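*Asks:* Coordinates only, no sequence provided:
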């Protein structure tokens, strides 16, 4: 396993991040325990979750499963960088609906700590931006949590480039580190972040943690052949619209002798703006298959071929669309 710094912080995280969104819904607690144990054996030390994961069964269920896994001891808590998120609606009550506030952040962090059975969260992330709340309020809340030892680092998710710039500008005024990471949707089939989000993160020292790096299954090699009634069947309509690209991609992967999902991750790891793509395995087989991406080294010609199959936005803004 390779390790890199989380943004401009001194914290080292594995090049793959274990996403846990399936735990408790598509993956049983027993299988989730097996996956987490195996992830540790493979050197993955970066685990990501959210307070809302577990829905529609139960908000917070995934954190509870992770908490019970951590409670087994054996150095599990000490060996991982634990990340969770706040923003999503937990109920429809005031201050529990979608959004951010000092009140909600401090309430939700206590609930997450209880469910996770830990005394601190290593990376506490805003799941979405809330432009109705002043940054002075948000940074004041996070400073309090860091000072109390409840939170170590603060990150964001699904922020636009200008949201990141605003957040860091206010953090700098307060003399604090601010954001160390941005979790963002990014893959070969979703390259819009290359316009502004990725360049912004590089310039500000914010690590990028891509979610859905296999395009929600489009880059798994199975989307076009999903049988009726299967979990992947919902992708089929979109996949049909992209059939020429997906067939060209599968042919490329076959030519270099690698599986589609592993190549999608390997492509992403070639981008120096990327810290750690989130893999969200439902099964142990999927977890172990993701590890192959660390050994795939794509040369310039191969990267150019992928650019032709899945063209990006043309570079960074505004040069991508203006002279």
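*Replies:* Yep, that arrived. Predicted model, so just to flag it, every value in this text is computed and none were measured.
*Asks:* contacts and neighbour counts: CA atoms only from here.
*Replies:* OK.
*Asks:* just the strands in the stretch 1-150 of the chain please.
*Replies:* In the stretch 1-150 of the chain, the strands defined using DSSP state E, counting those that start in this stretch lie at 3-5, 12-14, 17-19, 46-48, 53-56, 81-86, 121-126.
*Asks:* what pairs with the third one, and is each one parallel or antiparallel?
*Replies:* Spelled out, that is strand 17-19. Each strand paired with strand 17-19, and its direction, by DSSP bridges: strand 46-48 (parallel), strand 278-279 (parallel).
*Asks:* Which SSE is immediately downstream of the last one?
*Replies:* This means strand 278-279. helix 284-290 (DSSP states H and E).
*Asks:* hmm, who's touching the following helix or strand past that next one?
*Replies:* Where DSSP H and E defines the elements, the next helix or strand beyond helix 284-290 is helix 300-309. By C-alpha atoms under 8 Å, 6 or more residues apart in numbering, the list of residues contacting helix 300-309 from outside reads 245, 248, 249, 267.
*Asks:* Tell me if I'm right that residue 218 and residue 240 touch.
*Replies:* No: the pair residue 218 / residue 240 is not scored as a contact, 10.2 Å apart, by C-alpha atoms under 8 Å.
*Asks:* neighbour count winner among these two?
*Replies:* Per other C-alpha atoms under 10 Å, whichever of residue 218 and residue 240 has more neighbours is residue 218, with 23 against 14.
*Asks:* any idea how far residue 184 is from the closest residue to the more buried one other than its chain neighbours?
*Replies:* Leaving aside its chain neighbours, residue 218 sits nearest to residue 239 (6.5 Å; criterion: C-alpha to C-alpha, 6 or more residues apart in numbering). Distance, residue 239 to residue 184, using C-alpha to C-alpha, to the nearest Å: 22 Å.
*Asks:* May I see the buried residues of stretch 135-155?
*Replies:* Buried residues in stretch 135-155, counting neighbours by 16 or more other C-alpha atoms under 10 Å, are found at 135, 138-139, 141-143, 145-146, 150-155.
*Asks:* can you give me phi and psi for the closest residue to residue 91 other than its chain neighbours?
*Replies:* Excluding the flanking residues, the one nearest residue 91 by C-alpha to C-alpha, 6+ apart is residue 97, at 5.9 Å. Backbone geometry at residue 97, expressed as degrees, to the nearest 10, gives phi -80, psi 180.
*Asks:* what about residue 97, distance to residue 88?
*Replies:* For residue 97, the distance to residue 88 - C-alpha to C-alpha - is 7 Å.
*Asks:* Residue 1 now?
*Replies:* From residue 1 to residue 88 the distance is 33 Å (C-alpha to C-alpha).
*Asks:* Please identify which of these two sits among more neighbours.
*Replies:* More crowded of residue 1 and residue 88, by other C-alpha under 10 Å: residue 88, with 19 against 13.
*Asks:* Sweet, I'm off.
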